[in-house]
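1. return a 3D structure for these sequence lines:
(one chain, ligands or ions: 1)
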Amino acid sequence: MYDKVMETVTYLNEKVAYRPKVAIILGSGLGDLVDYIEEKVEISYEEIPNFPVSTVAGHAGQLVFGKIGGVEVLAMKGRFHYYEGYDMKQVTYPVYVMKQFGIENIIVSNAAGGANSTFKPGTLMLITDHINAFGTNPLIGKNDERFGPRFPDMSETYTKKLQELAKTTAKEMGIDYREGVYLGTTGPTYETAAEVRAFISMGADAIGMSTVPEVIIANYTGMNILGISCITNMATGIAKEAHSHEAVVEIAKRTGNEFCRWVAETVKKI
Ligand SMILES: O=P(O)(O)O[C@@H]1C[C@H](O)[C@@H](CO)O1
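-> Coordinates of the predicted model:
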């Protein structure tokens, strides 16, 4: 795996001469953030050695390098989900690459269902912590110490300093946000009402099908992590209507403007 990652890094080194300060993984329907990026260098996943290819609607499948307000960034427009059939190493492969490429800060975003009944579709949630309900862990297997330790600590997974930065920025911009715990499941089924009740009793405020594997690897490799969920629907049993991915993407796109403004301003301060 290490040699593969380094091969990908070598390829990216030929495409861009700088080390971005921040990597951003864009969730379903949140790809419009790339409109805030200047001096773009766009690379399709198909062109990148050893990179998986994204198969989900609302996920374009491009790495976008460039600048937001002078800060060099790398945005991942389209992520890999476990339910697509990728194994956990493939799902998290881009995060290994980002770290080996020299990126120290990562912003991870997602579309998620609201489990906290005080949320509503369109709520932006700063992730304070997560619950891994995937039933597996991307670090299972032989450990390679060149990436990180065998038993990573997870006591401050979402970096307090970045959370404070995001909160101050939101307050300055008048952006309304909530804080909470993201619970990640495999999908691709949306939850049953009974599962949502169980997840709420476990402490979930938002439920989704991504983020947790990527964050486990970002934490393991020593990156600073900021996470933001865009609540696109209330979770099953709280919501009156049935879910559809089309509706998820549509709401994410509609409310994505606030998300993009918030992330762009926060990036400028990192
Ligand atoms: O990539 P994210 O987590 O934003 O995508 C969410 C979870 C599922 O992939 C999909 C369900 O509609 O949206």
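
2. let me know the next secondary structure element after whatever helix or strand I216 lives in.
-> I216 belongs to helix 212-220 when assigned by DSSP states H and E. Later in the chain than helix 212-220, the nearest helix or strand by DSSP H and E is strand 224-234.

3. give the contact list for I68.
-> Contact partners of I68, counting by C-beta atoms under 8 Å, 6 or more residues apart in numbering, are Y36, I37, E38, A264, V267, K268. (C-beta placed from N, C-alpha, C; glycine too.)

4. neighbours around the fifth one, how many?
-> Summarising burial for V267: neighbours were counted as other C-beta atoms under 10 Å, giving 27.

5. what about the nearest residue to it once chain neighbours are set aside, distance to V34?
-> Using C-beta to C-beta, 6 or more residues apart in numbering and skipping the chain neighbours, the partner closest in space to V267 is I68 (4.8 Å). The gap separating I68 from V34 is 10 Å, by C-beta to C-beta, to the nearest Å.

6. just to revisit the earlier point, so is the helix holding I216 next to the ligand?
-> No: under the criterion of C-beta under 6 Å from any ligand atom, helix 212-220 makes no contact with the ligand; the nearest approach is 9.8 Å.

7. which outside residues touch that helix?
-> The contact list for helix 212-220 (C-beta under 8 Å, 6+ apart) reads 25, 79, 82, 88, 91-92, 94-96, 98-99, 106, 108, 130-134, 137-139, 147-149, 152, 154, 157-158, 182, 184, 225, 227.

8. so what pLDDT did the residue nearest to V267 get?
-> Looking at I68, its pLDDT is 97.

9. roughly how far apart are it and T266?
-> Distance, I68 to T266, by C-beta to C-beta: 10 Å.

10. for A247, same thing?
-> A247 is 27 Å from T266, by C-beta to C-beta.

11. and A112, which helix or strand is it part of?
-> Applying DSSP H and E, one finds A112 within strand 105-114.

12. helix or strand right after that strand?
-> Counting by DSSP H and E, the next helix or strand C-terminal to strand 105-114 is strand 124-132.

13. can you tell me if that following strand touches the ligand.
-> No: using C-beta under 6 Å from any ligand atom, strand 124-132 stays clear of the ligand, coming no nearer than 11.9 Å.

14. now the strands for the stretch 51-200 of the chain?
-> 62-68, 71-77, 105-114, 124-132, 178-184 (DSSP state E, counting those that start in this stretch).

15. buried deepest among those, which one?
-> strand 105-114 (a mean of 27; mean count of other C-beta atoms under 10 Å).

16. format the strands of the stretch 51-200 of the chain as TSV; extra columns: distance to R197.
-> Conversion of the strands of the stretch 51-200 of the chain to TSV gives the following (distance: least, C-beta to C-beta, whole Å):
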stretch	distance to R197
strand 62-68	38
strand 71-77	33
strand 105-114	13
strand 124-132	15
strand 178-184	13
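
17. which of these sits closest to V16?
-> V16 sits nearest to strand 62-68 of all the strands of the stretch 51-200 of the chain, at 4.8 Å, using C-beta to C-beta.

18. relative to strand 71-77, how tilted is that closest one?
-> Orientation note: strand 62-68 sits at an angle of 160 degrees relative to strand 71-77 (axes from the mean of the first three to the mean of the last three C-alpha atoms, to 10 degrees).

19. parallel or antiparallel, list what pairs with strand 62-68.
-> Note on strand 62-68: by DSSP bridges, its sheet partners are strand 38-44 (antiparallel), strand 71-77 (antiparallel).

20. what about this structure, any weak spots by pLDDT?
-> Counting by pLDDT under 70, the chain has low-confidence residues at 54, 56-59.

21. of the contacts of helix 212-220, buried ones?
-> When the contacts of helix 212-220 are checked for burial by 16 or more other C-beta atoms under 10 Å, the buried set is 25, 79, 82, 88, 91-92, 94-96, 98-99, 106, 108, 130-134, 138-139, 147-148, 157-158, 182, 184, 225, 227.

22. how many neighbours does the residue of the stretch 1-150 of the chain at minimum distance from the ligand have?
-> Using C-beta to the nearest ligand atom, G27 is the residue of the stretch 1-150 of the chain that sits closest to the ligand, at 2.7 Å. Residues lying near G27 (other C-beta under 10 Å) number 28.
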